[in-house]
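In: With the sequence up front, the predicted model follows.
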Amino acid sequence: MPLYDQEALDAAQAQRARWEHDELSATTSKLPTFRDQFRTISGIPVEPIYTPADNPALSYEEDLGNPGQYPFTRGVYPTMYRGRQWSRRQIAGFGTASSTNARFKFLMENGQTGLSTDFDHPTLTGYDSLHPLSEGEVGRLGVAIDTLPDMADLFDGIPLDKVSISLTVNHPAIVLLAFLLEHAKDQGVGWDRLRGTVQNDSLKESFGQKTFAVPPRGGFRLTMDLVEYCTEHVPAWNTISISGYHTREAGSDAIQELAFTMAQGMAYIEGGLRRGMSVDTFAPRLSFFFGVHMDFFEEIAKLRAARRLWARIVKERYGATNPRALLCRFHSQTLGSTLVRNGMLNNIVRGTSQALAAVLGGTQSLHVSGYDEAHDIPSEDAMRMSLTTQRILGSETGVPDTADPLGGSFFVEKLTSEIEERAMEYINKIDAMGNGSMLDGMFAAIDSGYIEKEIADASYDYQRRIENKDYLVLGLNVPIADATLPPKLYEHDDEEEERQKERLADVVRKRDPLITAGALDALREGTAGDANLMPLVLDAARSHATEGEIMGVFREIFGEHQDPGIF
Amino acid sequence: MDDARPIKVLLAKLGLDGHDRGVKVVARALQDAGMEVVYMGMRVTPETVADRAQEEAADVIGISLLSGAHKKLMQAMVKATEEREIRDETLILVGGTIPEGDEEELAAMGIDGVFPVGSSLADIENFIREHRKPRA
């Protein structure tokens, strides 16, 4: 049943027309608006006001529901933040495992409630610290993890059954998770007690984050092997964090971010179905990850639309009956690309606004990017500020006290529907590329460069708006007098790279070479066939095979991937 | 110097860094500005870039780095152009997350221009036009 009956809609429409004719035009004839057209950051036209007439077909039962009710537009849980606030999960990682372990403990002392690990580029792309390509990048933008003993150092003194852990890694996710599972075994923590997430979103590596280690189809197999294995053996673990964040950072707009993320999720579901898995068993462990940009209402609408779209797709297209399979639970991160170098402390305000949008959008966990990240990876001071931002929003503003407080806003509801429709257009296009299979469609869209090209177009448009001052950003295209004192930035210790290289050499020296070689041979054979690779990777991890060696086997069999250089 | 010939720009990302939003926007903008742009993509080595620059007689090598490895990699980039004796005719630029303190050091090693995050496209274009090196 529509929220507004025809009589109410007609009245609202008539009143708006009268207002436009009388009040609005009388004012604008004397005082024109400072711009002819207003639009969101993603280019959606914005009207001067919104009324019920903008949402003529909106049905409370079908389109909104209460929190915890289909289609979950208003939130995934009935209590939302009254029961438990979002997890304050600031990602961290630099240098060696022990340096990052110290940062983890610092964050936990300052109000962090879940851990998230950022790996360095060599780890993300499947190369050891001693590989020539890794030179200069070991431990630079994340922590270097080469072997199982590194993972043990990373979580030293951290109770794995009490703190939820996120491993932000994709093609090598199967290796890093194997290290963690073996470490848990050594700690006597049963795998059924582990809670956490591994990003494991191989598809977006081709167009979003681009830290691919192998070609798309090989990466997809690794993703699905992990999903299949963990659904049975690590039941509380979130097996994929289907990510839009990196797509947004790569320059997409909000609609593309949502559309491609949903498309990735659909491809993973179809991957599971092709293996004979039931959507009701593995879909409940799929989670999501979105970026939050500066356009406040557009971001809130995007997050609301994400929940509704996912629930509808999983129910209607894939026939899920388990209500938990329908939930789009997500982590949010304020976008690093919105940070401005000049006037660095102004970024605290940007982070606060984006964090507020994430909370109003119903996020399950949150990372607020550090105010200093246009210069380098964040300092301790910046991370404390990010946690403080979250704590103030959580305790002082009253915002978390009621679920989806913007639900029913004429503007936000209209924007939510608009974003959902525009995202569906992309999804349908990709579906058509796969002749009705989103899995085939995603590969086709990746192979042809379609997705990357769409993102590059949006990215260029946005930059042109900045250049043309059509969108104003203080300190970027609006000059500011920067009187702020330079805060203390992160200081990278160049010796960390050498320490990690020595440590890796030491682990390799001390292991039993025959056992390691045997484990890698078995892995090679399994990879050439169609075995689930997770048990073989666990054995290799136990034998102290390095991440680069294990990924090297995959590169041998799956081949290497070249960046097509699309712009 | 033949001014009629369009300026040829070779862009690339060195190392394992995957952040490519900025370099692609720069590629598009320089192309729209009438320059001839080749984007080699990610994960290329300084040697491959220098080889290509020599082959194509590129006027500009633009490197994008948000990995923090700019000092090591740009040093290697300069060396690779010197080895091929194209250093003097090539403008070498770097953009990305470059801490302010490192800009001087990069200049000292022979980098012609540093464009940190937030630089304007117009500034990059103008810089290239003004500083393009005469070819022998």
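Out: Arrived safely.

In: Excluding sequence neighbours, find me the nearest residue to residue A:348.
Out: Nearest non-adjacent residue to residue A:348, counting by C-beta to C-beta, 6 or more residues apart in numbering or on different chains: residue A:371, 5.0 Å away. All C-beta atoms are positioned from the backbone trio N, CA, C, and that covers glycine.

In: and the one you found, what is it in contact with?
Out: A:339, A:344-348, A:351, A:382, A:385-386, A:487 (C-beta atoms under 8 Å, 6 or more residues apart in numbering or on different chains).

In: Next up, phi/psi of it, please.
Out: Dihedral pair for residue A:371: phi -60, psi -20, per degrees, to the nearest 10.

In: For the residue lying closest to residue A:70 once chain neighbours are set aside, pull up the helix or strand it's in.
Out: Leaving aside its chain neighbours, residue A:70 sits nearest to residue A:311 (5.8 Å; criterion: C-beta to C-beta, 6+ apart). Here residue A:311 sits within helix A:296-312, counting by DSSP states H and E.

In: can you give me how far that helix is from the chain middle?
Out: 14 Å (C-alpha atoms, centre = their mean, to the nearest Å).

In: Kindly report the same for stretch A:212-229.
Out: Averaging C-alpha positions (C-alpha atoms, centre = their mean) puts stretch A:212-229 18 Å from its chain's average.

In: Equivalent analysis for stretch A:316-325, please.
Out: Distance of stretch A:316-325 from its chain centroid, counting by C-alpha atoms, centre = their mean, is 22 Å.

In: buried residues in the worst-scoring helix or strand of chain B on mean pLDDT?
Out: Least confident helix or strand, chain B: helix B:100-108 with a mean of 92, by mean pLDDT, DSSP states H and E. By 16 or more other C-beta atoms under 10 Å in any protein chain shown, the buried positions in helix B:100-108 come out as B:102, B:105-106.

In: contacting residues around that helix?
Out: Taking C-beta under 8 Å, 6+ apart as the rule, helix B:100-108 contacts A:375, B:70-71, B:74, B:94, B:98, B:114, B:116.

In: Helices of the stretch 301-450 of chain A, residue ranges please.
Out: A:346-360, A:380-396, A:410-433, A:438-447, A:450-467 (DSSP state H, counting those that start in this stretch).

In: Chain B now?
Out: Assignment of helices within chain B using DSSP state H yields the ranges B:21-32, B:46-56, B:70-83, B:100-108, B:121-131.

In: Report the inter-axis angle for the last one versus helix A:450-467.
Out: Note on geometry: by axes from the mean of the first three to the mean of the last three C-alpha atoms, to 10 degrees, helix B:121-131 and helix A:450-467 are set 80 degrees apart in direction.

In: And the contacts of stretch B:29-42?
Out: Taking C-beta under 8 Å, 6+ apart as the rule, stretch B:29-42 contacts A:210, A:460, A:463, A:562-565, A:567, B:6-13, B:16-18, B:20, B:23-24, B:27, B:48-49, B:52, B:56, B:58, B:121, B:124-125, B:128.

In: C-alpha coordinates for that stretch, CSV please?
Out: The C-alpha coordinates for stretch B:29-42 follow below in CSV (Å, rounded to 0.1, in the frame of the first residue of the first chain):
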residue,chain,number,x,y,z
ALA,B,29,43.5,15.7,-19.2
LEU,B,30,46.8,15.9,-21.0
GLN,B,31,45.3,14.1,-24.0
ASP,B,32,42.4,16.5,-24.0
ALA,B,33,45.0,19.3,-23.9
GLY,B,34,46.4,18.0,-27.2
MET,B,35,49.3,16.0,-26.0
GLU,B,36,50.0,12.5,-27.1
VAL,B,37,49.7,10.2,-24.1
VAL,B,38,50.8,6.7,-23.5
TYR,B,39,49.8,5.1,-20.2
MET,B,40,51.8,2.0,-19.5
GLY,B,41,49.7,0.9,-16.5
MET,B,42,50.8,-0.4,-13.2
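
In: average model confidence for that stretch?
Out: For stretch B:29-42, mean pLDDT rounds to 97.

In: From the chain's centroid, how far away is that stretch?
Out: Distance of stretch B:29-42 from its chain centroid, counting by C-alpha atoms, centre = their mean, is 11 Å.

In: out of the contacts of helix B:100-108, who has the most neighbours?
Out: Of all the contacts of helix B:100-108, the highest neighbour tally under other C-beta atoms under 10 Å in any protein chain shown goes to residue B:70, namely 28 neighbours.

In: With adjacent residues omitted, what lies nearest to residue A:434?
Out: Distances taken as C-beta to C-beta, 6+ apart place residue A:441 nearest to residue A:434, at 2.8 Å, with adjacent residues excluded.

In: Contact partners for the residue lying closest to residue A:89 once chain neighbours are set aside?
Out: In this structure, residue A:89 finds its nearest non-sequential neighbour in residue A:114, 4.1 Å apart by C-beta to C-beta, 6+ apart. Residue A:114 makes contact with A:87-89, A:163-166, A:365 under the criterion C-beta under 8 Å, 6+ apart.

In: 6 Å - rerun?
Out: Residues counted as contacts of residue A:114 (C-beta atoms under 6 Å, 6 or more residues apart in numbering or on different chains) are A:87, A:89, A:164.

In: and what of residue B:67?
Out: Here residue B:67 is in contact with A:121, A:137, B:15, B:17 (C-beta under 6 Å, 6+ apart).

In: my guess is the third one meets residue B:71, correct?
Out: No: here residue B:15 does not reach residue B:71: they are 11.8 Å apart, not a contact under C-beta atoms under 6 Å.

In: how about the CA coordinates for stretch B:71-90, as CSV?
Out: The C-alpha coordinates for stretch B:71-90 follow below in CSV (Å, rounded to 0.1, in the frame of the first residue of the first chain):
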residue,chain,number,x,y,z
LYS,B,71,62.7,8.0,-3.1
LYS,B,72,64.0,4.6,-4.1
LEU,B,73,62.0,4.2,-7.2
MET,B,74,62.5,7.8,-8.6
GLN,B,75,66.3,7.4,-8.0
ALA,B,76,66.1,4.3,-10.1
MET,B,77,64.0,6.1,-12.7
VAL,B,78,66.6,8.9,-13.1
LYS,B,79,69.4,6.3,-13.3
ALA,B,80,67.6,4.4,-16.0
THR,B,81,67.2,7.5,-18.2
GLU,B,82,70.8,8.4,-17.6
GLU,B,83,72.0,4.9,-18.7
ARG,B,84,70.0,5.4,-22.0
GLU,B,85,71.3,8.9,-22.4
ILE,B,86,67.8,10.4,-22.6
ARG,B,87,68.0,12.2,-19.3
ASP,B,88,68.7,15.6,-20.7
GLU,B,89,65.9,15.6,-23.2
THR,B,90,63.2,14.2,-20.9
